[in-house]
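S.K.: Give me a 3D structure for the following:
(one chain, ligands or ions: 1)
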Amino acid sequence: MDTQLAAIAVHDEMADAPLSKLDTANARESGLYDDDEPQPRDHALALLGAVDVGGRVMVTSRDLVDEVTRNAAVFAADDLIDQGNTRPLLPISIDPPAHVSYRKLLDPLFAPKRMDTIEADVSARVNHFIDAFIDRGHCNFTDEVADKFPPAVFLGLMGLPWEELDTFLRLRDGLIRPGTPEMTNAERTQFQLDTGQEVYAYFDTILDDRAEHPQDDLLTHFLHASCDGQHLTRHEILDICFMLLIAGLDTVADSMTCAWGFLAQHPEHRRQLVAHPELIPNAVEELVRWNPPTPIQARWARRHCTILGHDVPAGEIVYLNMGAANLDPASVPDPLEVRFDREVNRHLSFGGGVHRCLGSHLARRELRIALREWHRRIPEYGLAPGYQARFGPPPLRFIPDLQLAWPEGR
Ligand code: HEM
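M.R.: Next comes the predicted model:
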């Protein structure tokens, strides 16, 4: 018998695995949208509720995205992502009930109180990058700050020295943007898988060291953390480290390119932040609402269902367009205005439901500190003369080569 859930009808036929997995090595060919002014298009999509994209259903309105993310029994994340991993990523590739235990254990390690303890370190790390070019009067913001700062923060969290930065960057890129455009799809997939094996081996070696020489760092905490009396196995810790490398570095970098790109082109917003640094926490929420770095998420249907009349066979992938849902008036009033004075900002850039972002407090802290330090030191800046900011290819939203300039010799 069919069950009616608002706009979603759930039918009897079931699947116990996704029909296909997300091909992250070759995601540029996903057929997902690609343009430089996504907000008016996303706003129009939000009003439609759900659309067909290359034969799959994409939900776009706030209500429907909420329904899907909150109904893990029907819309699963289980074992959907292939990103060089040979075991499920923890905790994104595991659904409740097992998922609950992992979050119980991990949440305190990324809680706001814990983030208070790294404030000075994060601030020193962003200033390290600014020091390198402030007197030059211009920089490639993507290469010289956004790309390197979040991995540098992770080095600190994991108790690793600065010298490991290049290894971290290479491993991250090999998982997120594997290979070269000239490679075949199969070669790119192999490149990603090879990097994945390196990632497991890299963290395994460091964990051996931490088991013998405990430090006050994340890896040592993983070794000793327990949930319901159980410690994490070595495989589980490696699967979490793998996930952090995928989820925690590029997302913040991409958000930074979008945020600075916006501020460089909207001097009135930039001046508002310089004059009122107390608005920075609100500005972070508004800037990630406006340009979510990962606008599209995915689930697979455990049951055959119909979403606003669109048929979804059991096992098929459903896309969730958080970028569109953020521009639904049900999320914020006047969604096409960028306002740093919003008291309430119900955006979905950090996801929703059980898989809501584990690292949102870390991401917010990094973005706030970087905005504060940059605008304290470089209050006047814009796009470099002659440079036009363009987004990179989907499914991520980022500016691959953001060129900024400011008065020299400050
Ligand atoms: C601006 C930066 C970030 C954005 C926009 C972002 C966005 C997201 C989104 C949308 C999800 C939900 C995915 C889904 O529902 O399928 C998610 C999950 C996740 N994020 Fe983030 N993220 C960011 C930074 C971070 C950082 C710094 C970390 C590192 C700790 C992190 C770790 C995770 C993890 C582990 C999950 C999976 C949570 C679970 O399955 O329970 N993220 N993130």
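S.K.: Stretch 294-309: how far from the chain's middle?
M.R.: Using CA atoms, centre = their mean, to the nearest Å, the distance from the centre of stretch 294-309 to the centre of the chain it belongs to is 20 Å.
S.K.: Quick one: low-confidence residue ranges for this protein.
M.R.: Residue ranges of the chain with pLDDT under 70: 1-6, 28-34, 409-410.
S.K.: Could you measure from the residue nearest the centre of the chain over to Ile176?
M.R.: When the chain is reduced to its mean C-alpha position, the nearest residue by CA atoms, centre = their mean turns out to be Thr251, at 3.7 Å. Thr251 sits 10 Å away from Ile176, going by CB to CB, to the nearest Å. Heads up, the C-betas are built off the backbone N, CA and C, glycines and all.
S.K.: Might you report the residue contacts of the closest residue to the ligand within the chain?
M.R.: The ligand sits closest to Gly359 of the chain, with a gap of 2.1 Å, by CB to the nearest ligand atom. The neighbourhood of Gly359, defined by CB atoms under 8 Å, 6 or more residues apart in numbering, consists of 110, 244, 247-248, 251.
S.K.: Apply 10 Å and report the result again.
M.R.: Contacts for Gly359 (CB atoms under 10 Å, 6 or more residues apart in numbering) come out as 106, 110, 115, 150, 243-244, 247-249, 251-252, 350, 365-366.
S.K.: ok, which of those residues also contact the ligand?
M.R.: Applying CB under 6 Å from any ligand atom to these, one finds that 110, 243-244, 247-248, 251-252, 350 fall near the ligand.
S.K.: so which of the contacts of Gly359 is the most crowded?
M.R.: When the contacts of Gly359 are compared by neighbour count (other CB atoms under 10 Å), Pro150 ends up highest, at 29 neighbours.
S.K.: Name the nearest residue to that one, sequence neighbours excluded.
M.R.: Distances taken as CB to CB, 6 or more residues apart in numbering place Val252 nearest to Pro150, at 4.0 Å, with adjacent residues excluded.
S.K.: helix or strand for the one you found, which one?
M.R.: In this assignment (DSSP states H and E), Val252 forms part of helix 250-265.
S.K.: and that helix, what does it pack onto?
M.R.: Using 3 or more CB pairs under 10 Å, 6 or more residues apart in numbering; DSSP states H and E as the contact criterion, the elements in contact with helix 250-265 are helix 141, helix 149-157, helix 165-176, helix 267-275, helix 280-290, helix 360-377, strand 382-383, strand 403-405.
S.K.: Pick the most deeply packed of the ones you listed.
M.R.: helix 141 (a mean of 26; mean count of other CB atoms under 10 Å).
S.K.: Contacts for that one next, please.
M.R.: Where contact means CB under 10 Å, 6+ apart, the residues beyond helix 141 that reach it are 129, 133, 147, 256-257, 260-261, 264, 374, 381, 383-384, 389, 399, 401-404.
S.K.: filter these to the buried ones?
M.R.: When burial is judged by neighbour count using 16 or more other CB atoms under 10 Å, the buried members of the contacts of helix 141 are 129, 133, 147, 256-257, 260-261, 264, 374, 381, 383-384, 389, 399, 402-404.
S.K.: those strands in the stretch 51-200 of the chain, which residues are they?
M.R.: Per DSSP state E, counting those that start in this stretch, the stretch 51-200 of the chain has strands spanning 56-59, 75-76, 81-82, 138-140. These are given in chain order.
S.K.: Distance from the second one to the middle of the chain?
M.R.: Its chain's C-alpha centre lies 19 Å from the corresponding centre of strand 75-76 when counted by CA atoms, centre = their mean.
S.K.: Make residue 1 into 21 and carry on from there
M.R.: Understood, numbering begins at 21; the last thing we discussed is strand 95-96.
S.K.: Let me know the helix or strand that Val30 is in.
M.R.: Val30 belongs to strand 28-34 when elements are defined using DSSP H and E.
S.K.: Check which helices and strands that strand is in contact with.
M.R.: In this structure, strand 28-34 makes packing contacts with strand 23-25, helix 82-90, strand 316-321, strand 323-327, strand 330-332, judged by 3+ CB pairs under 10 Å, 6+ apart.
S.K.: I'd like these laid out as TSV, including distance to Leu238.
M.R.: Formatted as TSV, the entries for those read as follows, by distance: least, CB to CB, whole Å:
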stretch	distance to Leu238
strand 23-25	39
helix 82-90	27
strand 316-321	25
strand 323-327	38
strand 330-332	38
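S.K.: Highest mean neighbour count out of the ones you listed?
M.R.: Greatest burial across the helices and strands packed on strand 28-34, using mean count of other CB under 10 Å, falls to strand 316-321, with a mean of 23.
S.K.: How about the residues of the stretch 71-220 of the chain by the ligand?
M.R.: Applying CB under 6 Å from any ligand atom, we find that the stretch 71-220 of the chain lies next to the ligand at 97, 111-112, 123, 130.
S.K.: Take those residues and keep only those in helices.
M.R.: Taking DSSP state H, the ones among these that sit in helices are Arg123.
S.K.: would CSV of the residues of the stretch 71-220 of the chain next to the ligand with distance to Glu139 be doable?
M.R.: Below are those laid out as CSV (distance: CB to CB, whole Å):
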residue, distance to Glu139
Ala97, 32
Pro111, 26
Ile112, 27
Arg123, 24
Phe130, 14
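S.K.: Mind checking which of the residues of the stretch 71-220 of the chain next to the ligand are buried?
M.R.: The neighbour-count test (16+ other CB under 10 Å) applied to those identifies 97, 111-112, 123, 130 as buried.
S.K.: on that earlier part again, can you tell me which residues contact the residue nearest to the centre of the chain?
M.R.: 170, 196, 308, 312-314, 369-370, 377, 379-380, 383, 416, 418.
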